[in-house]
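Asks: Make a model of this:
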Amino acid sequence: MEGLIVSNILLWCLLLALVFVVMGLVRQIGVLHGRIAPAGALMVDKGVAVNEPAPQVTAADRNGRPVNFGYAGEKAQLLFFLSPTCPICKSLLPAIKSIAKEQAERLEVVYVSDGDPEAQQALIAEHKLENATYVVGPEVGMTYQIGKLPYAALIDKAGVLRAKGLVNSREHLDSLFETEHLGSATLQQYLHRQPHVHNAH
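Replies: Numbering: from 1, shown residues only. Sure, this is the predicted structure:
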């Protein structure tokens with residue numbers, strides 16, 4: 001009889017331990033979900049704030065022609081920061097080229113990189129970027145405080161920084177344009193301001 005009571009107590013202890021473990025796992029799943037959702041370019045809080053005038057800098061493209069960044073102009077600018085040694089950057093180039101073609105009338109896409117000229121040339125040749133505006137040098141990345149790649153920044157034609165963030169997929173790139181239309185710094189911010197939208201996920 002005593003053995004039965006002891007085994008029952010042990011079973012209850014085990015059950016309680018399992019309950020705490022499950023509760024802990026549920027909490028961790030919630031934390032992970034909060035980190036990965038919603039999808040969108042991840043903005044790193046460095047440099048100029050979104051919806052503020054973009055930093056103005058002029059740098060030479062690979063042919064020595066001056067390119068203005070952050071100045072008012074006839075078109076908006078999409079700055080795509082990349083490196084020849086970054087596999088994700090390369091995987092996004094077809095999407096960037098597609099955006100450049102689709103939005104050519106309103107958007108100027110500028111590729112910004114730094115490092116070995118031969119590696120840059122090989123990347124340009126491989127992905128047929130000979131006719132693209134391609135800047136090689138540290139000035140723009142330093143001005144915009146770019147720490148990780150691939151990174152993109154969207155500047156409207158008035159010279160205002162409308163969206164920025166790390167971009168690992170076409171979905172992230174598209175989210176930059178979504179945030180421009182929604183008037184939020186990031187897609188995450190917009191969804192956090194819309195409880196019914198956030199809860200739907």
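Asks: contacts and neighbour counts: CA atoms only from here.
Replies: Noted.
Asks: how does this protein divide up, domain by domain?
Replies: The record's domain split for the chain, according to automatic domain parsing, is 1-36, 57-200.
Asks: Quick check: phi and psi on the residue nearest in space to the middle of the chain?
Replies: When Cα atoms, centre = their mean is applied to the chain, the residue found nearest the centroid is Leu166 (2.5 Å). Per-residue torsions, Leu166: phi -70, psi 140 (degrees, to the nearest 10).
Asks: hang on, isn't it packed against Lys148?
Replies: Yes. Here Leu166 reaches Lys148: they are 7.2 Å apart, a contact under Cα atoms under 8 Å.
Asks: list residues touching both of those two?
Replies: Shared contacts of Leu166 and Lys148, defined by Cα atoms under 8 Å, 6 or more residues apart in numbering, are absent.
Asks: Which residues are in contact with Glu52?
Replies: Val160, Leu161, Arg162.
Asks: Can you give the contact residues for the helix or strand containing Glu118?
Replies: Glu118 is located in helix 117-126, with elements delineated by DSSP states H and E. By Cα under 8 Å, 6+ apart, the residues outside helix 117-126 that reach it are Ser83, Pro84, Ser113, Glu130, Val136.
Asks: Am I right that Gly165 is in a strand?
Replies: Yes. Per DSSP: H, G, I helix; E, B strand; the rest coil, Gly165 lies within a strand segment.
Asks: so how many other residues sit close to it?
Replies: 25 (other Cα atoms under 10 Å).
Asks: measure it to Ala132 for me?
Replies: Per Cα to Cα, to the nearest Å, Gly165 is found 22 Å from Ala132.
Asks: Ok, Tyr111 next?
Replies: 8 Å.
Asks: More neighbours: which of these two?
Replies: More crowded of Tyr111 and Ala132, by other Cα under 10 Å: Tyr111, with 21 against 16.
Asks: What is the three-state secondary structure of that one?
Replies: strand.
Asks: Which strand residues bridge it?
Replies: Taking DSSP bridges as the rule, Tyr111 bridges to Phe80, Tyr134.
Asks: That one: what's it in contact with?
Replies: Leu79, Phe80, Phe81, Leu82, Ala132, Thr133, Tyr134, Val135.
Asks: pLDDT at the first one, what is it?
Replies: Looking at Leu79, its pLDDT is 97.
Asks: and Gln56, how far is that from Glu118?
Replies: Gln56 sits 28 Å away from Glu118, taking Cα to Cα as the criterion.
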